[in-house]
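K.L.:
fold the following, please.
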Amino acid sequence: MTPSGLWMMLGALGGALTVALGAFGAHGLKGRIDPALLANWQTAADYLGLHTLAILACGLILLYQPKSPLVHGAAWLLCLGVCLFSGSLFVMALTGLRQLGWITPIGGVMLIIGWLVLALGAVRLAQ
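P.N.:
Presented below is the predicted three-dimensional model:
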């Protein structure tokens, strides 16, 4: 599989996961967990959905510009960042383990850096 195909596949799987986890939170967890934890679940689903689209966009860019190391790097940062950010929020919402809270900002920083690397990659591709 090409890198472009990999990122598009991961983006598509992330989209399906976003819908499934969002529905589970809205219909399966509502009224069963603390409202603050449910809000964390929704935040995790929102960030997963947004960054899934960014990962999909990286795949589409790489379809036409397969040799862009910055876009490759951005895709990795966004993928790992959303796994850490959203993943930690999902786990904390289900388990109540606040000790995992230190993972969330690490994922958030990776997401910020991923977006900045993608912006730099876009500037380089436009030159």
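K.L.:
let me see the contact set for residue 86.
P.N.:
Residues in contact with residue 86, defined by CB atoms under 8 Å, 6 or more residues apart in numbering, are 44, 45, 47, 48, 51, 107. No exception for glycine: its C-beta is placed from N, CA and C like everyone else's.
K.L.:
which non-adjacent residue is nearest the second one?
P.N.:
Right, the one you point to is residue 45. Excluding the flanking residues, the one nearest residue 45 by CB to CB, 6 or more residues apart in numbering is residue 22, at 4.2 Å.
K.L.:
restricted to helices, list the contacts of residue 86.
P.N.:
Counted as lying in helices by DSSP state H, out of these, are 44, 45, 47, 48, 51, 107.
K.L.:
where does the residue nearest to residue 45 land in three-state SS?
P.N.:
For residue 22, the assignment made with DSSP: H, G, I helix; E, B strand; the rest coil gives helix.
K.L.:
tell me the SS of the spatially most central residue of the chain?
P.N.:
Nearest to the mean C-alpha position of the chain, counting by CA atoms, centre = their mean, stands residue 82 at 3.1 Å. Look at residue 82: counting by three-state DSSP, its state is helix.
K.L.:
tell me, how many residues neighbour the closest residue to it other than its chain neighbours?
P.N.:
Spatial nearest neighbour of residue 82, excluding adjacent residues (CB to CB, 6+ apart): residue 51 at 4.1 Å. Neighbourhood size, residue 51 [other CB atoms under 10 Å]: 25.
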